[in-house]
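**Q** need the 3D shape of this:
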Amino acid sequence: METMDDYKAELEASFRRIHEGDIISGTVIAVDEEEVTLDLKYYAPGIIKAEDISNDPDFLPVRDIAVGDIMEATVIKCDDGAGNILLSKKEANDVLAWDKLKELKEQETIVAVRVKESVKGGVVAFLEGMRGFIPASLISLDYVENLDEWIGRELRVRVITVDAEHDKLVLSAKSVAREEAETERNHKISMIVPGTVLEGTVESLMPYGAFISLGDGLSGLVHISQICERRIKKPSEVLKVGQRVKAKVLNTNDNKISLSMKALEEEMVDTETVEDLSAYTSEETTGTSLGSLLAGFKFD
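**A** You can find the predicted model right below:
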């Protein structure tokens, strides 16, 4: 037996009133190159012409919109002459997008965008249908010389500036790249087992020790007390920049690689007489590199 609930949707539609300027939501029921049709839970469907969907010049309805998607749009005409409600997503976006962009900024959300063009001082990408600017200094961790080479590339970015009053949207890919590089670096360090002997190149000397480049973007510190058994006042007494050395991994606490050359010297003393560091320092490439050590691991 039929009840009032069976006609609930029809009853709600009969009392609903839609006016020009309203921002309404609907479900996509059809899409083609010319327009998108929405089910508005109303007596008339909503129509959004392709040119009224997005400010992004590369946006394609048939590619970027699917049946079942929920869309919000502004009512332009309650009757387009064919019994449809004419809508504009672009107009609604001018109001709603800035709120969404502010939310993305506050939550520091990482989103993917595609670079559309290069302009003076940076590149342009669209987010939430709005034109965003990525300064050259915030595109990559490395210096960017040719901006045109970035056109068409997809970047993972964060929103760093949202100014609706001045129609200003600024994005940064550099901060995301830095965090992802740090995550990858820490993962590589976590795979290094204390006690492993690694080979590297002295990249810098400090009063408190020597930094050793281990390859694969990693460096380790040999504290001055771990360079050799005899007491030295400064690392340069026995080491020089560019020198190839071997050292044992003491630990990887706090994602820092702590090395010891003295530990190798002590081990060698147990088997033979060692007069100086020449037994485990060299100008040539020998021993196990970090790249070889990590070659068998897959990093996501």
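
**Q** and L198, that's in a strand?
**A** Yes - when the secondary structure is assigned by DSSP: H, G, I helix; E, B strand; the rest coil, L198 falls within a strand.

**Q** how many residues are close by it?
**A** Counted with other Cβ atoms under 10 Å, the burial measure for L198 works out to 23 neighbours. Yep, even glycine has a C-beta here, placed from its N, CA and C like the rest.

**Q** and it, what are its bridge partners?
**A** According to DSSP bridges, the residues that bridge with L198 are A247.

**Q** and for the one 4 residues further on?
**A** Judged by DSSP bridges, the bridge partners of V202 are I212.

**Q** verify the contact between it and F211 for me.
**A** Yes - V202 is within contact range of F211, at 7.5 Å (criterion: Cβ atoms under 8 Å).

**Q** T196: what's its closest spatial neighbour, skipping adjacent residues?
**A** Take T196 and drop its neighbours on the chain: the residue closest to it by Cβ to Cβ, 6 or more residues apart in numbering is V249, 4.8 Å away.

**Q** so what's the one you found up against?
**A** V249 makes contact with I192, V193, P194, G195, T196, V197, L198, G220, I257, S258, L259, according to Cβ atoms under 8 Å, 6 or more residues apart in numbering.

**Q** was I right about S25 contacting E72?
**A** Yes - taking Cβ under 8 Å as the contact criterion, S25 and E72 are neighbours in contact, 4.9 Å apart.

**Q** pLDDT wise, what is F15 at?
**A** Reading off the confidence values, F15 has pLDDT 52.

**Q** M268 now?
**A** In the prediction, the pLDDT value recorded for M268 is 68.

**Q** picking that back up, which among the contacts of V249 gets closest to R231?
**A** Set against R231, the nearest of the contacts of V249 by Cβ to Cβ is L259 (18.6 Å).

**Q** hey, what's the closest one bridged with?
**A** With DSSP bridges as the criterion, the beta-bridge partners of L259 are V222, V249.

**Q** residue contacts, it?
**A** When contacts are counted by Cβ under 8 Å, 6+ apart, L259 touches L198, I212, G220, L221, V222, Q226, A247, K248, V249, L250.

**Q** now do T201
**A** Under the contact definition (Cβ under 8 Å, 6+ apart), the residues listed for T201 are I212, S213, G242, Q243, R244, V245.

**Q** from K262, how far off is the third one?
**A** Spelled out, that is G242. Here the criterion is Cβ to Cβ, to the nearest Å. By it, G242 lies 21 Å from K262.

**Q** do the fifth one as well
**A** Per Cβ to Cβ, R244 is found 17 Å from K262.

**Q** and the end-to-end length of stretch 25-44?
**A** 13 Å (Cα to Cα, to the nearest Å).

**Q** contacts for that stretch next, please.
**A** 9, 12-13, 16, 18, 24, 45-50, 53, 60-62, 65-73, 79, 83-85, 87.

**Q** quick one: mean pLDDT over that stretch.
**A** Averaged across stretch 25-44, the pLDDT comes to 91.

**Q** would you mark the buried spots in that stretch?
**A** Residues of stretch 25-44 classed as buried under the neighbour-count rule (16 or more other Cβ atoms under 10 Å) are G26, V28, V31, E35, V36, T37, L38, L40, Y42.
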